[in-house]
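> Please find the sequence and the predicted model below.
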Amino acid sequence: MRILFDARVLKTTLTGVETYTVELLRRLASRAGARVTALCRDTRQAELVRKLTSPDLPVAIARRGMPLRIHHWLRQHGPFDLMHCPTPVFPFLRKPPGLPLVCTVHDVTPRFAPQWHQRSTAIYFRWLLPHLLPLFDHFLADSRATACDLSDWYRIDETRITVVPLASRFSTAAVTATPASLAPKKNIFLAVGTLEPRKNLENTVRGFLEFQRRDPAAGYELVIVGREGWGDCPWKAITTGRSDIRFTGYLNDEELQQLYRTACGLVYPSLYEGFGLPVLEAMSLGCPVVTSHLSSIPEVGGDAVLYVDPLDPKAIADALGRLAHEPDLGDTLGQDGLARAAMFSWERTANETWAAYERAVEAAA
């Protein structure tokens, strides 16, 4: 099968959508029977895509505003049996005739919670996306929660949606599910994710400060990892001058993996997630997780995490206190998390994506 994969989303810093794109492209590029071409903005991005995925991956360039003559462009770079867009952004001016289109939708929060997003994103999901969605033949959703949102808010027939879960970029192979295999824990709690309102960092910080107030001699530190996002950051004001709260910015995989393995726990009381990759990444490295029982997160965490009310800093503090003072609980969550994370893999994601491709091509025949 000849696949045109829209890789224009990729950049040097990898957050959730970029990680999904890279991991899926890597496996599709090496899959028997797959002939994948990555659609890129320019030659510089094409070099990045090959560096992140496969040096031999065929690429095609479609610069901004192109191609106006879509038939000519497809004849030049194709033919293709299917096109996959890893986000609901279509690169062409109109649907190519006879080319099935598959789109991955990670979440639709800009539609029903615009206050969590930049105004331009909210406008796109509210006014423009409804006109683009009919172009796509089939949709992939990271979770059942996202699939339901897509159906409810955009009236997409459920038969056109396939739920394909994601996976951790970190392998569980190096960590076996025994207490002795888990790395010694430091007095560190982690908060991981793009710094934006939806991640609920204000309550994360307030919960940590309440935990510190209750047990000031414990000597714990909150390490916040992530690139700058957008929006007001009221939590920054309450951290001024504190030596026990540290911001690292974006970290590479090796640095982040080391923090996950040695942290006492991940604190992730997000208000909404289409999947929640940090939860799975932490579990895959034996890091206990404190998170919210909202949206898709229970689909990922199952019974292997501690759930809290994300709007209640005292509940967050209670959970941190349990991890700090109940080492057996941390060991149990670490082991349960490893077992849970082993249920997810990028090979599974690629296989289920390929099966959705085949159904889309068959339906369009």
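On my side now, so go ahead. Residues are numbered from 1 along each chain as shown.
> So L251 belongs to a helix, correct?
No - L251 is assigned coil when assessed by DSSP: H, G, I helix; E, B strand; the rest coil, not a helix.
> which residues does the closest residue to it other than its chain neighbours form a beta bridge with?
Nearest residue to L251, sequence neighbours excluded (Cβ to Cβ, 6 or more residues apart in numbering): V225, at 5.5 Å. Where you see a C-beta, it was placed from the backbone N, CA and C, and this is true even at glycine. On the basis of DSSP bridges, V225 is bridged to V192, G249.
> what does the model give V225 for pLDDT?
V225 is assigned 93 on the pLDDT scale.
> ok, which stretches of the stretch 101-250 of the chain are helices?
109-112, 119-123, 129-132, 144-154, 201-214, 234-237 (DSSP state H, counting those that start in this stretch).
> Could you name the helices and strands sitting against the fourth one?
Same thing as helix 144-154. helix 109-112, strand 138-141, strand 161-163 (3 or more Cβ pairs under 8 Å, 6 or more residues apart in numbering; DSSP states H and E).
> now swap in the longest one and tell me
On a contact count with 3+ Cβ pairs under 8 Å, 6+ apart, helix 201-214 meets strand 188-192, strand 221-225, helix 234-237, strand 265-268, helix 313-325.
> For the last one, buried residues please.
It stands for helix 313-325. P313, A315, I316, A317, D318, A319, L320, R322, L323, A324 (16 or more other Cβ atoms under 10 Å).
> what's the last one in contact with, if anything?
By Cβ atoms under 8 Å, 6 or more residues apart in numbering, the residues touching A324 are N187, F211, D215, A218, Y220, C264.
> Need these in a markdown table (columns: distance to L140).
A markdown table is the format used below for the contacts of A324 (distance: Cβ to Cβ, whole Å):
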| residue | distance to L140 |
| --- | --- |
| N187 | 41 |
| F211 | 39 |
| D215 | 45 |
| A218 | 44 |
| Y220 | 40 |
| C264 | 35 |
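> Including pLDDT, could those go into a markdown table?
Listed next are those as a markdown table, based on pLDDT from 0 to 100:
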| residue | pLDDT |
| --- | --- |
| N187 | 92 |
| F211 | 96 |
| D215 | 87 |
| A218 | 84 |
| Y220 | 94 |
| C264 | 95 |
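> how about low-confidence regions in the stretch 251-365 of the chain?
Counting by pLDDT under 70, the stretch 251-365 of the chain contains no low-confidence range.
> circling back to that earlier point, adding distance to I61 and mean neighbour count, write the helices of the stretch 101-250 of the chain out as CSV.
Output for the helices of the stretch 101-250 of the chain, formatted as CSV (distance: least, Cβ to Cβ, whole Å; neighbours: other Cβ atoms under 10 Å):
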stretch, distance to I61, mean neighbour count
helix 109-112, 29, 19
helix 119-123, 25, 13
helix 129-132, 22, 14
helix 144-154, 31, 19
helix 201-214, 38, 21
helix 234-237, 40, 14
